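# for reference, the sequence and a predicted model appear below.
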Amino acid sequence: MSRTVTIIDNATGKKIECPVLSGTNGPDVVDASAIYRELGMFALDPGFLSTASCRSSITFLDGEAGILRHRGYPIEQLAEHSNYLEVCYLLLYGTLPTSNQMTDFQNQIRERSVVHEHLLRFYSGYLYDAHPMSIMVGVTGALSSYYHEALDINDPDDRDLTARRVIAKMPILAANCYKHSMGHPFAYAWPELGYMENFLKMMFTRPHLPYETIPLACKALEKLLILHADHEQNASTSTVRLAGSAEANPFACISAGCVTLWGRAHGGANEAVVRMLNDIQHPRHIPKFIERAKNKSDPFRLMGFGHRVYKNYDPRAAIIRKACHELLNELQGINQPLLDIAMRLEEIALQDEYFVERKLYPNVDFYSGIILQALGIPTSMFTVIFALGRSAGWIAHWLEMVADPDFRIGRPRQLYIGSEKRSYVPIEQRDGPARKKRS
Ligand code: ACO
């Protein structure tokens, strides 16, 4: 007999049986779609603490056990052995590519690694010191104007082309945010270079100076982007899905993803971590900041700590912590006071009852900012790098959603707590009796 969950309305005695669905891994899910149909009620779940918003076969994560897998492959193996472009392929198509498939994919990405020259003029509408994420929101959205009329989201080939375009164009858009802020000429891709080398060269090359690829930097960034490539139904991915469910232009959906990612409770945290570590200045000031984080009347939180899903340890943080040590050890002459503060902060917080009780562990953003800083990437660009990595996940989820036979517009409901019905009062009658003027 198939398993169900019974919901009984105590007031009316009416009861319904909700089917229980099992996925490949993870908790079973109650199909709650009958609640409104049968009982005339909605389910309330602020922050989606108990709500699965869709079926997906892209990423599995278990927050209690600290597990993250893409298409079944553990993140630790992908970070160790794969490269970002291969992970993009895996997220989009569900399998690791053969060498021919990979070559073809690389060629297609290379072929599309250019943006319309007019799009580069969008940047000049922004002040040189505009936050790069505000520029990313604009320029990713602007891509929609180049690919709208001819794009049919019901055509699988068009969808596939869209995904490849996103992967090809994101590094160009991201690197040019930096170029704009520096007042450097815009960067164009080099066809002979790999994805990561290309991105770093676009970021840091200058017309009058020689540029040399630093393999260590490529390797570190590669790992960082793999760790950020997808993370199940997080806030920005859910935003992309919701916007996409209205059949919005997919590039505009990517822009919506950037908007959400920019928030400091989400992708903006890596930037906030480095600012916090700079504010701490010295390990001896850490206890003061820990006390502030615990004080409920102080809005300060330890940035890079805590996660909605991971209540054990963020597996990405473990990988990135190790990568951070390796990078800083290998980079000659790098000053590492931030890493020292970060390690001491982690150590103190993990022994503190407040953090232990609430299962607050370092998340992926805790160490990623330190790596990016060591690579010479300015703090304001950190979330842009995150967006570059996550765009693979965003577009993979968009592809999956549009191809889903259950594809329909996402439309949450609410528990209305506003006014009862009342009648409109003309403005002259709303001020009460007029006062007599004194003579
Ligand atoms: N510092 C201090 N206290 C914290 C922190 C923190 N970083 N995070 C959570 N808490 C406390 C809360 O005050 C709350 O305490 P209470 O039970 O006494 O009220 C308890 O822990 C639970 O916190 P919630 O806010 O309910 O947890 P939620 O799952 O909603 O939020 C979030 C998760 C947003 C990540 C939160 O931990 C946070 O703000 N962290 C700092 C920002 C950050 O690092 N964001 C990056 C997330 S990872 C990513 O997006 C890639």
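Yep, it's here. Keep in mind the model is a prediction, meaning the values are calculated, not measured.
# from now on I want contacts and neighbour counts done on CA atoms only, so please keep to that.
Noted.
# just the pLDDT at Gly267, thanks.
pLDDT for Gly267: 86.
# next, it: secondary structure please.
Under DSSP: H, G, I helix; E, B strand; the rest coil, Gly267 falls in the coil class.
# ok, it - contacts?
Applying C-alpha atoms under 8 Å, 6 or more residues apart in numbering to Gly267 gives the contacts 261, 365, 383, 386-387.
# switch the cut-off to 7 Å
Counting by C-alpha atoms under 7 Å, 6 or more residues apart in numbering, Gly267 makes contact with 261, 383, 386.
# wait, doesn't the first one sit right on Ser236?
The one in question is Leu261. Yes. Counting by C-alpha atoms under 7 Å, Leu261 touches Ser236, with 5.4 Å between them.
# which of those two has more neighbours?
Between Leu261 and Ser236, counting by other C-alpha atoms under 10 Å, Ser236 is the more crowded of the two (28 against 25).
# what's the helix or strand for that one?
helix 235-245 (DSSP states H and E).
# what about that helix, near the ligand?
No. On the criterion C-alpha under 6 Å from any ligand atom, helix 235-245 is out of touch with the ligand, staying 8.1 Å away.
# low-confidence stretches in the stretch 201-350 of the chain?
Filtered on pLDDT under 70, the stretch 201-350 of the chain yields the residue ranges 332-335.
# helices along that one, start to end?
215-228, 235-245, 250-262, 269-280, 286-294, 315-330, 337-351 (DSSP state H, counting those that start in this stretch).
# what packs against the third one?
Okay, so that is helix 250-262. The contact analysis (3 or more C-alpha pairs under 7 Å, 6 or more residues apart in numbering; DSSP states H and E) places helix 250-262 against helix 132-146, helix 235-245, helix 382-403.
# same thing with the longest one?
When contacts are defined as 3+ C-alpha pairs under 7 Å, 6+ apart, helix 315-330 sits against helix 364-374.
# just the angle between the helix it packs on and helix 382-403, please?
Interaxial angle, helix 364-374 versus helix 382-403 (axes from the mean of the first three to the mean of the last three C-alpha atoms, to 10 degrees): 130 degrees.
# pull the distance from the helix holding Ser236 to the chain's centre.
11 Å (C-alpha atoms, centre = their mean, to the nearest Å).
# make residue 1 into 645 and carry on from there
Yep, numbering from 645; the last one is helix 879-889 now.
# tell me what it is packed against?
helix 894-906, helix 1026-1047.
# quick one, phi psi at Val649?
phi -120, psi 130 (degrees, to the nearest 10).
# how about the contacts made by it?
661-664.
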